[in-house]
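[1] Just need the structure, nothing else, for what follows:
(one chain, ligands or ions: 1)
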Amino acid sequence: MKTTFPLEQFQLLKTPFYYYDTHVLRATLQSICKEKEALGNCEVHYAIKANANPKLLPIISSYGLGADCVSGGEIEAALKAGFPAEKIVFAGVGKADWEICLGLDKGIFCFNVESVPELEVINELAGTMGKVANVAFRINPDVEAHTHAHITTGLAENKFGISMADMESVIARAAALQNVRFIGLHFHIGSQILDLEDDFLPLCDRINDLLEQLGKQGIVVENINVGGGLGIDYEQPESHLLPEFERYMSLIATHLKLSPAQTLHFEPGRSVVAQCGSLISRVLYVKQGTNKQFAILDAGMTELIRPALYQAHHAIENLTSKEEKEKYDVVGPICESSDVFGKDVCLPRVHRGDLMALRSAGAYGESMASGYNSRALPEGYILEELI
Ligand SMILES: *Cc1c(COP(=O)(O)O)cnc(C)c1O
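    Numbers count the residues shown, from 1 in each chain. Have a look, this model is predicted:
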């Protein structure tokens with residue numbers, strides 16, 4: 001599998017823009033479906049926040065995936081893109097009343113609840129609407145993910161989830177309420193996880209312990225949701241276009257002690273869309289500094305904030321030049337010192353007008369774009385509309 005860059009068509013488009021190779025996306029979705037079939041009682045919900053581009057969502061929903069939403073806007077986008085309501089889960093620490101009502105009105109599968117006050121509000125709103133809401137509790141398993149501190153979510157000090165110590169009392173509270181039905185437990189320890197054994201096995205052990213503890217009291221948990229977090233190769237995207245879904249999903253399915261009556265749920269975001277996307281940008285200037293040279297792009301942190309936000313690395317390719325390689329600091333035009341995509345990057349000699357691809361930008365790229373410096377939001381194009 002190789003990424004296709006339709007360069008002639010790129011020349012006609014206004015830069016910067018996002019480009020998605022839908023062959024890569026489809027191959028990724030096929031590999032997820034294959035593993036899902038192999039595992040049996042399992043559901044995969046795509047985490048929409050990774051990329052909510054309306055051209056991509058219908059492709060993803062067409063493979064039978066559900067959607068993991070973290071806002072009312074995402075629920076609307078998911079429904080519009082063909083994700084069935086009964087395959088939508090709604091997560092987030094701060095769900096507003098209108099968002100809860102939207103979920104109830106549309107009949108989504110489940111609310112992933114993160115606190116007792118939230119549970120009570122859902123119960124009350126469901127009551128006024130004459131509905132019963134399915135709820136799963138997001139438990140904070142106090143398991144460390146060995147990833148960037150800003151994207152680890154499963155430690156006791158993080159704002160997410162309900163502590164293990166409170167789990168039983170919260171389940172008891174739900175049982176006492178009329179308009180909620182407890183259907184599962186939810187976990188999500190962080191993102192861009194590559195040490196699968198180191199990070200996911202402790203999570204599985206923790207889940208097994210919790211299920212055993214509940215089982216002793218006759219509490220059956222129908223749905224176990226292990227969240228997302230599978231990492232991708234940002235260093236060498238082209239040699240690893242497909243993330244390790246088989247190894248990841250089978251590792252978890254094998255280590256969790258679930259009965260045939262229990263459904264296992266996954267919520268991958270990044271791993272579904274990251275490798276199919278690139279941010280395509282044009283070089284505005286090559287500037288000679290005191291000790292280095294800068295390639296100044298027309299894309300910046302407004303289009304792709306990950307390097308500035310999490311010191312993330314994106315491979316950079318010069319799509320135009322095949323000349324001798326030289327070193328450049330590749331930077332954007334935004335008035336912030338953190339608006340840097342890479343330092344001392346080796347690139348075929350760069351000229352004004354060259355097209356550059358910032359690779360592995362399909363996840364948390366376009367969806368995090370901003371209008372800072374009064375810039376327009378970038379367009380996103382898919383391969384099939386360019387050829
Ligand atoms: C962000 C998020 C995901 C997706 O995480 P990835 O690392 O992109 O796979 C899944 N579940 C929840 C609850 C999330 O917040």
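[2] from here on, contacts and neighbour counts on C-alpha atoms
    OK.
[3] Can you pull the phi and psi angles for P348?
    phi -50, psi 140 (degrees, to the nearest 10).
[4] got it, and the one 4 residues further on?
    Note on R352: its backbone torsions stand at phi -60, psi 130 [degrees, to the nearest 10].
[5] So it is in contact with K287, correct?
    No: between R352 and K287 there is no contact under Cα atoms under 8 Å: 10.0 Å.
[6] Low-confidence stretches in the protein?
    149-157 (pLDDT under 70).
[7] Which stretches in it count as helices?
    Secondary structure of the chain (DSSP state H): helices at 7-12, 22-39, 57-61, 72-80, 97-106, 116-128, 167-176, 196-215, 245-255, 270-273, 306-310, 383-386.
[8] mind putting the ones you listed in a markdown table, mean neighbour count and distance to the ligand included?
    Compiled in a markdown table, the helices of the chain are given as follows (neighbours: other Cα atoms under 10 Å; distance: least, Cα to the nearest ligand atom, whole Å):
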| stretch | mean neighbour count | distance to the ligand |
| --- | --- | --- |
| helix 7-12 | 12 | 28 |
| helix 22-39 | 18 | 13 |
| helix 57-61 | 20 | 14 |
| helix 72-80 | 19 | 13 |
| helix 97-106 | 17 | 16 |
| helix 116-128 | 18 | 16 |
| helix 167-176 | 16 | 17 |
| helix 196-215 | 17 | 13 |
| helix 245-255 | 16 | 11 |
| helix 270-273 | 29 | 4 |
| helix 306-310 | 16 | 13 |
| helix 383-386 | 12 | 23 |
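[9] out of the ones you listed, which comes closest to E86?
    Set against E86 and scored by Cα to Cα, the helices of the chain come closest in helix 97-106, at 8.9 Å.
[10] angle of the closest one against helix 116-128?
    For helix 97-106 against helix 116-128, the angle by axes from the mean of the first three to the mean of the last three Cα atoms, to 10 degrees is 50 degrees.
[11] can you list contacts of helix 97-106?
    Residues outside helix 97-106 that contact it (Cα atoms under 8 Å, 6 or more residues apart in numbering): S71, G72, I75, A85, F90, V121, I122, L125, A126, K131, A133.
[12] In contact with the fifth one, which residues are there?
    For F90, the contacting residues are D68, C69, V70, S71, I75, G103, I108, C110, F111, N112, taking Cα under 8 Å, 6+ apart as the criterion.
[13] ok, of the residues you listed, which one's closest to D329?
    Once Cα to Cα is applied, the member of the contacts of F90 that ends up nearest D329 is V70, at 35.8 Å.
[14] Isn't that closest one up against Y46?
    No: the criterion here is Cα under 8 Å, and V70 misses it with Y46 at 11.5 Å.
[15] Of these two, which one has the most company?
    Using other Cα atoms under 10 Å, the more surrounded residue of V70 and Y46 is Y46, with 30 against 20.
[16] how far away is that one from the ligand?
    For Y46, the distance to the ligand equals 8 Å [Cα to the nearest ligand atom, to the nearest Å].
[17] partner residues bridging the nearest residue to that residue once chain neighbours are set aside?
    Take Y46 and drop its neighbours on the chain: the residue closest to it by Cα to Cα, 6 or more residues apart in numbering is A67, 4.7 Å away. Under the criterion DSSP bridges, A67 forms beta bridges with Y46, I88.
[18] Spit out the contact partners of A67.
    Contacts of A67 (Cα under 8 Å, 6+ apart): V44, H45, Y46, A47, I48, A78, F83, K87, I88, V89, E267.
[19] Repeat the analysis, applying 7 Å as the threshold.
    Contact analysis of A67 by Cα atoms under 7 Å, 6 or more residues apart in numbering lists H45, Y46, A47, I48, A78, F83, K87, I88, V89.
[20] ditto for E317
    L347, M356, A357, L358.
[21] Also F341?
    P307, V330, V331.
[22] returning to what we had before: filter the contacts of F90 down to the ones in strands?
    D68, C69, C110, F111, N112 (DSSP state E).
[23] Can you select the buried ones from those residues in ChimeraX?
    Buried members of the ones in strands among the contacts of F90, defined by 16 or more other Cα atoms under 10 Å, are picked up in ChimeraX with:
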select :68,69,110,111,112
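[24] what sits against the residue nearest to the spatial centre of the chain?
    Nearest residue to the geometric centre of the chain (Cα atoms, centre = their mean): G269, 2.7 Å. The neighbours of G269, taking Cα under 7 Å, 6+ apart as the test, are Y46, A47, I48, A50, G228.
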